[in-house]
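**Q** structure for the following, please:
(chains A, B and C, ligands or ions: 1)
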Amino acid sequence: MTLQQTQGKGTDDWSQMSDLKYLEGLNTAQQEAVNCLEGPLLIVAGAGTGKTRTLVTRLAHIINLGLARPYEILAVTFTNKAANELKLRIQSLTGIDPLELSWVGTFHSMAAKILKIEAERIGLNSNFTILDDNDQTKIIKDLLKSKDITPEEIPPRMLTGQINKWKNDAKTPSNLTKQDKELFQDRAEILYQSYQRELLQSNCVDFGDLLLHVVTLFTKKADVLKTYQDKFFYIMVDEYQDTNICQYQMLRLLTQRKEKNICCVGDDDQAIYSWRGARPQIMLNFSEHYKDAKIIKLEENYRSTKHILGAGVGLIKQNLMRHDKTLRVGLPNTDHANKIRIHAFDELFAEAKFIGKAIRKLTTTGLNGRTFSYSEIAVAARTWAETADIEECFFEMKIPYRVIGGPKFFDRKEIKDVMGYLKVSHNPLDNFSLARIINTPTRGIGKITHQKISFYASEHNISHLEAARKLVLDKGLASASSTKLGKFLELLEEGSRKLNDPTLLLSNSINTLVSEIGYRDYLVKNYPENFEERIENVVKLSDMAGRYETLAGFIEQAGLMNAEEDPDDHSNDQVSLMTLHACKGSEYPAMYLIGWYEGGLPLSRTIEERYQVFSPFVYKLAMSLLYNPPKITLERRRFLDLAKFVLEEKPGEKSDRDNLGKTLARMILRGDGMKFSKEVETLAKKITTSEAIEEERRLAHVGITRAKELCVISYNQVNMFRGQFISGLLPSRFINELPNDDVEHYVKERLSSREFLGPRSVPQQNKIQNGRRSFTPKADKTNSISEGDRVLHKVFGKGSVIASSNNRLLIKFDNNQEKLILNDFVTLL
DNA sequence: TAATCAAATGTTTTT
DNA sequence: CATTTGATTA
Ligand SMILES: Nc1ncnc2c1ncn2[C@@H]1O[C@H](COP(=O)(O)OP(=O)(O)OP(=O)(O)O)[C@@H](O)[C@H]1O
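**A** Residues are numbered from 1 along each chain as shown, chains lettered A, B, ... in the order given. So this is what the prediction gives:
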């Protein structure tokens, strides 16, 4: 086997020892990493090079050598899925029960654990509630309303987003910079502070708090920090490129001690979480953060066959802001392996149908004599919306599948309602949950009563629940309201007593509560279409809770859970369906990557972001040059017309300070419109790319590199968006960027009897055409429609003007479709 | 206060 | 197209 070759001959003593057998599965570099047990160590390496395998082996080695007990090792990752996988891999290598690995998990769950122990040190009770995104926005909304700030003044989303950003950057309200404080009309600090105060009053924390509170604690309370420094002999971090500043500070504080036994592994080409504050630079600066750090690179990929790896590497090389790295095929005999297959469709549902049929084929007749089981196949999409058709198709074709980390079970209304009761029972200070359940099911307790409670509570500085109790006793309400509220409180008290009674079965107590409050009737009445499903979900919830001993245990887990139950059906033979984000860290023999069209991947938002800098026309020109250069005379004329148009276009308020757009046009017009110099291409590339686009490219790279044997990429030129039909979608630029030798293009099945054609020319698009006639610049005074206006078109409906120039408007219609239209053909709304 | 209907709105990815 | 928000009525 080629494996022996890479492993090298110089077998050291330790690999001879029988109880160190697990080292044999590693190559020299990997073994070096495993044997580097002291001091800071960073493993940077590309996809499939065995980083996780090395990390797991190193952990096993540490335990095996008696250097630390399982519970003395802190091993963190970023997603629940990765954490579970890590535990399983450790278990299969060492036989250690995952329950013993108390400090292996996600950053957030580890932080929650610490916070639970140290709660009082930071002004919380250990039974704090963890808020999710929706709770958070709701609280912010109410907060803004209570301060008489309209959503126009400060959009709640914006404030929520900003607060989360601050938390990711480890900024408490008092830590804000001058610039930060100037946000929201100088009210940033006050708003952030009042939000924090409210959470603390309700004994709640949001996701960001979990980490930030721990950092604050470690910073302010030396004894607490010391406890954990002494506790964690070894620290390991997987996917280190996804660390944010807050997480980094947490690690940094823990390693401010004599033994800096920290080992991080990561790959900057797989950094896909910058939107939640991750800073890949933290990984790249490792040796500055940790003096005498050892850095090990792994360069053999043991996962993918030749063309898959070739395509993945070829694609990621297109990123301008990148450190190059070597990645070799480590698997033997992959010269005749499958090329990446690319399929295009132009009918609704065609893509999904194709995937369904293809999977059926793979599992029955197989491919080149190899049949796949369902569990060897995965389908990954950029967004959950893209998976809907696939799911429907699988359902119809009876293909077994499971959704990984899908739209969250705990986000459903009925679940949140019931959870509200549980949360209040567990944490009576939780005013937010109380607000949710006080009139659910409707029991005649309206806005006014709730306002009175809230007012009374803040006046006496007590919780809302306490205030409600007092108001009922003191007859501080209208008698009708008082009776209703009293009844509710009784119900809650009784339910709470049962839920917290350890001698009763948790699931039984939940069932009792649900029937006591008449929740089923409420569902039947309010959701006649799908009450059955909702009731089922409630039952599922109580079953789930039944696996826990105590209410506290269940609530703590539930706060951080987002996947649907997993344990039982892991062994089942099912196709996996997930997002590109969720597939990182996994591998599958066959990968289907769907929705590779411009706007899908890369996502339209990341493209449009670029319109802030360059006019859409400049962008189109650059895109056309790079990915769809003119071939026939007609195309060339249109292309040159567009260049002329760009040259004469008014600058507008685009921030293209260097006027790269006009430079590009000028360079193009100097040539023949057929052949382009490297220089022009470089410029076009500069215009079309951005940090966001590069992150999309990394996402595409992650998708491809999950595949072991077969990788199929597809897209559909037509789509439904918010109920409207859109057509003329272009293939993703990432498809064009794949090395020709590694791909095979398949033409739309229904159009061709032939199976295979060479690199396909892009089909005629009706997206933005460069205009039929020439763009003769004319002063557009006919009607004064300008950027941002809402307009109506006979056929395409309503839309907003993105750009206007010379009698033409680039309009983004409400169905998300962009079109270039003459001024006279639309009316101003 | 609850129920009903018209109108507006829509963050993509995860803890 | 869904789902949520707002306005109006019972
Ligand atoms: N030395 C080796 N010999 C043979 N196979 C190996 C070796 N090291 C790793 N592998 C296999 O290669 C595959 C990829 O390993 P692993 O998942 O650890 O890589 P990774 O670097 O974490 O990948 P990614 O960053 O893409 O998640 C796995 O199937 C693993 O079992």
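**Q** now the stretch 651-800 of chain A against the ligand: closest residue?
**A** residue A:705 (5.7 Å; C-beta to the nearest ligand atom). Yep, even glycine has a C-beta here, placed from its N, CA and C like the rest.
**Q** which ones are touching that residue?
**A** A:46, A:47, A:48, A:301, A:303, A:304, A:308, A:309, A:312 (C-beta atoms under 8 Å, 6 or more residues apart in numbering).
**Q** quick check, pLDDT for the residue nearest to it when sequence neighbours are not counted.
**A** Among residues not flanking residue A:705 along the chain, residue A:47 sits closest, at 3.6 Å (C-beta to C-beta, 6 or more residues apart in numbering). Looking at residue A:47, its pLDDT reads 96.
**Q** low-confidence stretches in the stretch 1-150 of chain A?
**A** Filtered on pLDDT under 70, the stretch 1-150 of chain A yields the residue ranges A:1-19.
**Q** quick one: name the residues of it near the ligand.
**A** A:3, A:25-27, A:30, A:45, A:47-53 (C-beta under 6 Å from any ligand atom).
**Q** please, which helix or strand holds the residue nearest the centre of chain A?
**A** Residue closest to the mean C-alpha point of chain A, counted by C-alpha atoms, centre = their mean, is residue A:581 at 5.3 Å. Assessed by DSSP states H and E, residue A:581 sits inside helix A:580-583.
**Q** OK, contacts around whatever residue of the stretch 151-300 of chain A ends up closest to the ligand?
**A** Closest approach between the stretch 151-300 of chain A and the ligand, counting by C-beta to the nearest ligand atom: residue A:267, at 5.2 Å. Shown in contact with residue A:267 (C-beta under 8 Å, 6+ apart): A:44, A:45, A:46, A:47, A:51, A:241.
**Q** so which of those residues are in strands?
**A** Of these, the ones assigned to strands by DSSP state E are A:44, A:45.
**Q** filter the contacts of residue A:267 to the buried ones?
**A** For the contacts of residue A:267, a burial check counting by 16 or more other C-beta atoms under 10 Å picks out A:44, A:45, A:46, A:47, A:51, A:241.
**Q** ok, and of those residues, which contact DNA strand B?
**A** Near DNA strand B, taking C-beta under 7 Å from any atom of the strand as the test, no member of these is found.
**Q** tell me the one of those nearest residue A:589?
**A** residue A:47 (15.5 Å; C-beta to C-beta).
**Q** that closest one contacts residue A:701, correct?
**A** Yes - judged on C-beta atoms under 8 Å, residue A:47 makes contact with residue A:701 at a distance of 7.4 Å.
**Q** I'd like to know how many residues surround the residue of chain A found nearest DNA strand C.
**A** The minimum distance from chain A to DNA strand C, using C-beta to the nearest atom of the strand, falls at residue A:723 (2.7 Å). For residue A:723, the neighbour count with other C-beta atoms under 10 Å is 6.
**Q** again with residue A:648
**A** 14.
**Q** do I have it right that residue A:43 meets residue A:263?
**A** Yes - contact criterion C-beta under 8 Å: residue A:43 and residue A:263 qualify, at 7.4 Å.
**Q** overlap in contacts, the two.
**A** What both residue A:43 and residue A:263 touch, as defined by C-beta under 8 Å, 6+ apart, is the set A:33, A:55.
**Q** close to DNA strand B, is stretch A:113-127?
**A** No - Stretch A:113-127 stays clear of DNA strand B (C-beta under 7 Å from any atom of the strand), getting no nearer than 11.7 Å.
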